[in-house]
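>>> 3D, please:
(one chain, ligands or ions: 1)
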Amino acid sequence: MRLKDKIVLITGAAGAIGSAIVDAVQEQSGVAIASDLAGRGDVAHALDVTSEADWLRVIAAIEQSSGRLDGLVNAAGIVAVGSVEDTDFATWRRVMAVNLDGTFLGCKYAMPLMRRSGSSIVNLSSVSGLVGGHNLAAYNASKGGVRLLTKSVALYGARQKPPVRCNSVHPAFIEGPLVDSLVAQVRDPASARERMAAMVPLGRFGTPAEVAALCVYLLSEESAFVTGAELTLDGGLTAQ
Ligand SMILES: NC(=O)c1ccc[n+]([C@@H]2O[C@H](COP(=O)([O-])OP(=O)(O)OC[C@H]3O[C@@H](n4cnc5c(N)ncnc54)[C@H](O)[C@@H]3O)[C@@H](O)[C@H]2O)c1
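Numbering: from 1, shown residues only. Predicted structure coming up:
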């Protein structure tokens, strides 16, 4: 009952992490509003996070049906492997559009509804928003942007009455299609998986349910004094 009657919009809700967050919100007696690209999964709203028109339409629909929004989880995201030289401009722009513009638009257009109740935004960044990788130029830049955007939103949200909190979550490798597509882009996927797991002090990938549990904490009143924070969920990867 940690999210009793809280209305929470989740983007990228057909994905591994997004769908685990939908389940976790419902398990805690919250009302999960699932959104993703049209045709992806069984979601309440088609919402391309790069589209201002989509955001305006979905927020207006939630205003009409519920009159408030207590939580927003910006979980939609894509990854592209490539160094600064390998990454073509179109790929750079696409990764920035989904990961960074999409998070910006979500925070921006949800804010009017979210300030009606003491509410909480959770932005999915990554360990790749904290430390660089030689072949993750666009992903690093987008997730680093999400980290600092989160702090600006948190400071602005703290001035609202009641306040709107905003925090970023920084997972390392989490089981699911995103990691599958990451390793599929390198020469030897099986040994890449082994090497990635070996880099993690706890010796394994994380699970979507573990990310969802942290999101539930950040959406709930238990974290009422937590805002502008960056929470790692990486088995110790960035501690070394
Ligand atoms: N899986 C990991 O290892 C990992 C690690 C760190 C951070 N993250 C971040 O967590 C978030 C969720 O990752 P995941 O593992 O669930 O990935 P996933 O690929 O399983 O799901 C991502 C979802 O985003 C949706 N999406 C893509 N473009 C979209 C758009 N323009 N508008 C709306 N939805 C869109 C996809 O349809 C998909 O359902 C992402 O932001 C990702 O960068 C994931």
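>>> need the helices for the protein, in chain order.
Assigned by DSSP state H, the chain shows helices spanning 16-27, 52-66, 89-95, 102-114, 137-158, 177-184, 189-199, 208-219.
>>> Least reliable of those by average pLDDT, please.
Lowest mean pLDDT within the helices of the chain: helix 177-184, at a mean of 88.
>>> if you look at stretch 76-85, does any of it touch the ligand?
Yes. Interface with the ligand: stretch 76-85 contributes Ala76, Gly77, Ile78 (CB under 6 Å from any ligand atom). From N, CA and C alone the C-beta is placed, and that goes for glycine too.
>>> Quick one: buried ones out of these?
Ala76, Gly77, Ile78 (16 or more other CB atoms under 10 Å).
>>> wait, which of the residues you listed is closest to the ligand?
Gly77 (2.1 Å; CB to the nearest ligand atom).
>>> neighbours of Gly144, just the number please.
By the measure other CB atoms under 10 Å, the count of residues near Gly144 is 18.
>>> from what I can see it touches Gly129, true?
Yes. Judged on CB atoms under 8 Å, Gly144 makes contact with Gly129 at a distance of 4.9 Å.
>>> coming back round to it: please convert the residues of stretch 76-85 next to the ligand to JSON lines, extending it with pLDDT.
Shown next, in JSON lines, are these (pLDDT from 0 to 100):
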{"residue": "Ala76", "pLDDT": "98"}
{"residue": "Gly77", "pLDDT": "97"}
{"residue": "Ile78", "pLDDT": "95"}
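>>> From those, pick the one nearest Ile121.
Distance to Ile121 across these (CB to CB) is lowest for Ala76, with 13.7 Å.
>>> for the residue lying closest to that closest one once chain neighbours are set aside, what are its contacts?
In this structure, Ala76 finds its nearest non-sequential neighbour in Gly12, 3.3 Å apart by CB to CB, 6 or more residues apart in numbering. If a contact means CB atoms under 8 Å, 6 or more residues apart in numbering, then Gly12 has Gly18, Ser35, Asp36, Val49, Asn74, Ala75, Ala76, Gly77, Leu124 as its contacts.
>>> ok, of those residues, which one's closest to the ligand?
Comparing the contacts of Gly12 against the ligand with CB to the nearest ligand atom picks out Gly77 as the nearest, at 2.1 Å.
>>> looking at it, the closest one is touching Ser181, isn't it?
No. Contact criterion CB under 8 Å: Gly77 and Ser181 do not qualify, at 11.4 Å.
>>> returning to what we had before: and the residue nearest to Ala76, how far from the ligand?
3 Å (CB to the nearest ligand atom, to the nearest Å).
>>> With Val200 instead?
Val200 is 11 Å from the ligand, by CB to the nearest ligand atom.
>>> Near the ligand, which residues of this protein are found?
Counting by CB under 6 Å from any ligand atom, the chain sits next to the ligand at 11-12, 14-18, 36-37, 40, 47-50, 75-78, 98, 102, 124, 126, 171, 173-174, 176-179.
>>> isn't Ser120 right next to Val164, touching?
Yes. Using CB under 8 Å, Ser120 is in contact with Val164, at 7.4 Å.
>>> what sits against Ala197?
Counting by CB under 8 Å, 6+ apart, Ala197 touches Phe173, Gly203, Arg204, Phe205.
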